[in-house]
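Trainee: sequence and predicted structure below; questions after.
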2 protein chains.
Amino acid sequence: MSTISRRTFNKKLTQGMAATTLLAGMPLACGMGAGQQEKKLGIALVGLGSYSAGQLAPGLVNTEHCYLAGIVTGTPAKEKQWMSQYNIPKANVYNYENFDEIAKNDAIDIVYVVLPNSMHAEFCIRSAKAGKHVICEKPMAVSVLECDAIIEACNTAGVKLSVGYRMQSDPYTNEIKRLVRKKTFGDVHYVSSDAAYVSRGNPDQWRLNKSLSGGGALLNMGVYSIQSNIYGTGMNPISVAAQEFSTMPEYFKDTDETITAQMQFPNGVVGNLFTSHNANANRLFVSFRKGWAELNPCHNYGPLAGRTSEGKEIKFPHKSQQMLQMDDFAKHIKTGSTNVAPGEMGKRDMIICEAIYQSIREGGKTVPLDLGTMGIVKS
Amino acid sequence: MSTISRRTFNKKLTQGMAATTLLAGMPLACGMGAGQQEKKLGIALVGLGSYSAGQLAPGLVNTEHCYLAGIVTGTPAKEKQWMSQYNIPKANVYNYENFDEIAKNDAIDIVYVVLPNSMHAEFCIRSAKAGKHVICEKPMAVSVLECDAIIEACNTAGVKLSVGYRMQSDPYTNEIKRLVRKKTFGDVHYVSSDAAYVSRGNPDQWRLNKSLSGGGALLNMGVYSIQSNIYGTGMNPISVAAQEFSTMPEYFKDTDETITAQMQFPNGVVGNLFTSHNANANRLFVSFRKGWAELNPCHNYGPLAGRTSEGKEIKFPHKSQQMLQMDDFAKHIKTGSTNVAPGEMGKRDMIICEAIYQSIREGGKTVPLDLGTMGIVKS
């Protein structure tokens, strides 16, 4: 890696530095003429668990507007392995003690917080204070209050904030949004979304530990089901009722195993949600006045698949959702293009999650919501 | 038509009457040798609305074990039209005043009550008292008490009773039952069933009049959704919670427009139900441990369509469900084969409907159910 920092380099480039003096190995955006060479933003992943290792880092190999510049880990053994696998210089490697020093590192433009849910707020806020743009993995936090604190910290620091909602950048998801927006089959009147998988096997996983996860199935896949109910209608719900099903309390000790929820949307639209850590279902069905569209699978890493009532397949070339997601955010930072998953969206979904838990506590009572257009992104 | 009654004729046949003396035009079961000639049972349809005219009568043209022998109608103009279209003798035509005289008519073996729901009990009971086997269109009645009265009347009269659950004879439905029973994809853990259609246009239809229908979407398509939740799990639910959505109260004045319900089954299985008179959705999804199966459409008159997680299409030659249903019942009467939709099944579903309405009245509270194996038919 060059000793010239990315930002210094970028400045020199825009000041007329000849394209031929580009240093070998510098990550540059593709598809641009020599004169338009554009710097890729450096991302540091905080937390090198299976999602970082299996999805984010591989996704960052092919990103056009950002690249894997640094890591933050509490496991020294991972440092060496990642440095060598992804060509990360020692200077861009942090642990949880020296993390705040990242503020001085111009190679890091974006911090992606991939820690257990209960640590999102702390590290997003510290990242913002370090002057870094922030991607907060979903769910945004374990409470609405924490979401507010993250948003506030990013606003104060003047950095951009996005939630790790990979589906918002996925072409299948965007095709559903397009059908809703264009009213291809008329108005939506019913949406059903299932986001569930069997996560048994390891009872010690952090997702089953409420102090780390804040909640079970709902805060894991459930937020995707909330998301697809919302992009499947193009609206925010005005009320929600919910039920919890606990059938293996010895395994799912203190987090929700299965939740169903029903949402009412404006214009008489009804949404149905199913999420579970003890069943497999991964679907979205949108019923319009004059037809339907569905995705199955809908919420996994793909390849997704879909079809419409016309018998038409919904099909796109498979691309890493994480790659698309991080590029969308990098583009937003660089060009001011739409932030497809802003903090307000994560906060809105957390308001809905809290209302779902409230309804369960109150025996299934319908909880009114007053969200207006919060978190609805016109795209 | 012969002046020899069906029963007299049948007796003569079994007493050794030569096959060559068979009267022209007598309905005989196909696929049997001359010596095995078998009498078709005569069905009388009570109520000649659109379901009788559009589905049942056409279905009876091709039935193997029964045929359209008579009609009961309050509309004189329909008498002539049906007599000529279906070759029905005047002797087998009744109205609601002289209906009980059907007891004396040996040409009628089965009475199929196709009247508005609130009239099912009265006419099923009168049919049983007339010594006729009974098919009661679904929902069986408008209360569990009425179901009990129908069952009691049939038991007392020693006649067979079946509910008009055409899906129980449909090959797609039976393929789902087979996958559940054989555990082809392992145990079921989640079922989602939507049975809904937009029934706007005629605000005067009897289905929207509670005194005739007893309820709205739930008692119309909803019972199919209950049915598919049950055959999709092979079990009865142990509890149910439900919600009602009313978005067009000016049109859906006194019947339910849209209902969602969540059922808990033994072994931690969860079922999700959506029914509506103001949305289109017609699907069944069964999630097993190792795969899934779905039908879409699932609850209409067909052709249905389905597929499994293996990418295999579920496909059968299209046959009239009503034809299959009425033949199944006629076979049951003639041979003692399984009654695939007995009265107990209709009563069980009405117990669930009443529990759903109770949950709605109680603000979504979970209502426990104690059904045992009531109405579960091993097939």
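Mentor: Here it is on my side, so go on. Note that the coordinates shown come from a computational prediction; the quantities given were computed from them, not determined experimentally.
Trainee: for the stretch 101-250 of chain A, give the residue positioned nearest to chain B.
Mentor: A:Thr247 (2.8 Å; Cβ to the nearest Cβ). C-betas here are computed from N, CA, C, even on glycine.
Trainee: near chain B, which residues of chain A are found?
Mentor: Neighbours of chain B within chain A, by Cβ under 8 Å from any Cβ of the partner chain: A:189-190, A:192, A:194, A:196, A:198, A:241, A:243, A:245, A:247-248, A:258, A:260, A:262, A:264, A:267-268, A:270, A:272, A:274, A:276, A:278-281, A:283, A:285, A:287, A:289, A:292, A:359, A:363-366.
Trainee: residues touching the residue of the stretch 101-250 of chain A closest to chain B, list them.
Mentor: If you count contacts by Cβ atoms under 8 Å, 6 or more residues apart in numbering or on different chains, A:Thr247 has them with A:Glu257, A:Thr258, A:Asn278, B:Asn267, B:Gly268.
Trainee: how about A:Pro342?
Mentor: When the contact criterion is Cβ under 8 Å, 6+ apart, the partners of A:Pro342 are A:Leu161, A:Ser162, A:Val163, A:Gly375, A:Val377.
Trainee: same question for A:Arg307.
Mentor: Neighbour list for A:Arg307: A:Ala293, A:Glu294, A:Glu313, A:Ile314 [criterion: Cβ under 8 Å, 6+ apart].
Trainee: what helix or strand is it on?
Mentor: Assigned by DSSP states H and E, A:Arg307 belongs to strand A:306-308.
Trainee: that strand: partners in the sheet, and parallel or antiparallel?
Mentor: Paired neighbours of strand A:306-308 in the sheet (DSSP bridges): strand A:291-295 (antiparallel), strand A:313-314 (antiparallel).
Trainee: ok, then the element right after the last one?
Mentor: Right, the one you point to is strand A:313-314. Strand A:313-314 is succeeded, C-terminally, by helix A:321-335 (DSSP H and E).
Trainee: output that following helix as PDB, restricted to C-alpha atoms.
Mentor: Taking C-alpha atoms only, helix A:321-335 is exported to PDB below (Å, rounded to 0.1, in the frame of the first residue of the first chain):
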ATOM      1  CA  GLN A 321     -26.200  -8.000  -2.600                       C
ATOM      2  CA  GLN A 322     -23.500  -6.800  -0.200                       C
ATOM      3  CA  MET A 323     -21.400  -5.600  -3.100                       C
ATOM      4  CA  LEU A 324     -24.400  -3.700  -4.500                       C
ATOM      5  CA  GLN A 325     -25.300  -2.300  -1.100                       C
ATOM      6  CA  MET A 326     -21.900  -1.000  -0.200                       C
ATOM      7  CA  ASP A 327     -21.400   0.500  -3.700                       C
ATOM      8  CA  ASP A 328     -24.800   2.200  -3.400                       C
ATOM      9  CA  PHE A 329     -23.700   3.800  -0.100                       C
ATOM     10  CA  ALA A 330     -20.200   4.800  -1.500                       C
ATOM     11  CA  LYS A 331     -21.900   6.400  -4.500                       C
ATOM     12  CA  HIS A 332     -24.200   8.200  -2.100                       C
ATOM     13  CA  ILE A 333     -21.200   9.600  -0.300                       C
ATOM     14  CA  LYS A 334     -19.300  10.500  -3.400                       C
ATOM     15  CA  THR A 335     -22.100  11.800  -5.700                       C
END
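Trainee: nearest spatial neighbour of A:Gln321, skipping sequence neighbours?
Mentor: Nearest residue to A:Gln321 in three dimensions, chain neighbours excluded: A:Arg166, at 3.9 Å (Cβ to Cβ, 6 or more residues apart in numbering or on different chains).
Trainee: so can I have TSV of the contacts of A:Thr247 showing pLDDT, secondary structure and neighbour count?
Mentor: Output for the contacts of A:Thr247, formatted as TSV (pLDDT from 0 to 100; DSSP: H, G, I helix; E, B strand; the rest coil; neighbours: other Cβ atoms under 10 Å in any protein chain shown):
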residue	pLDDT	secondary structure	neighbour count
A:Glu257	97	coil	25
A:Thr258	98	strand	29
A:Asn278	96	coil	23
B:Asn267	94	helix	11
B:Gly268	93	helix	18
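Trainee: need the winner for burial among the strands paired with strand A:306-308.
Mentor: strand A:291-295 (a mean of 22; mean count of other Cβ atoms under 10 Å in any protein chain shown).
Trainee: report the distance from it to the chain centre.
Mentor: Computed by Cα atoms, centre = their mean, to the nearest Å, the separation of strand A:291-295 from the middle of its chain amounts to 24 Å.
Trainee: what's the mean pLDDT across that strand?
Mentor: Per-residue pLDDT over strand A:291-295 has a mean of 98.
Trainee: what does it contact?
Mentor: Residues outside strand A:291-295 that contact it (Cβ under 8 Å, 6+ apart): A:172-173, A:175-176, A:179, A:184-186, A:228, A:283-286, A:304-310, A:314, B:280-281.
Trainee: picking up where we left off before, got the contacts of A:Thr247 as CSV, with distance to B:Phe99 columns?
Mentor: Shown next, in CSV, are the contacts of A:Thr247 (distance: Cβ to Cβ, whole Å):
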residue, distance to B:Phe99
A:Glu257, 54
A:Thr258, 50
A:Asn278, 54
B:Asn267, 47
B:Gly268, 49
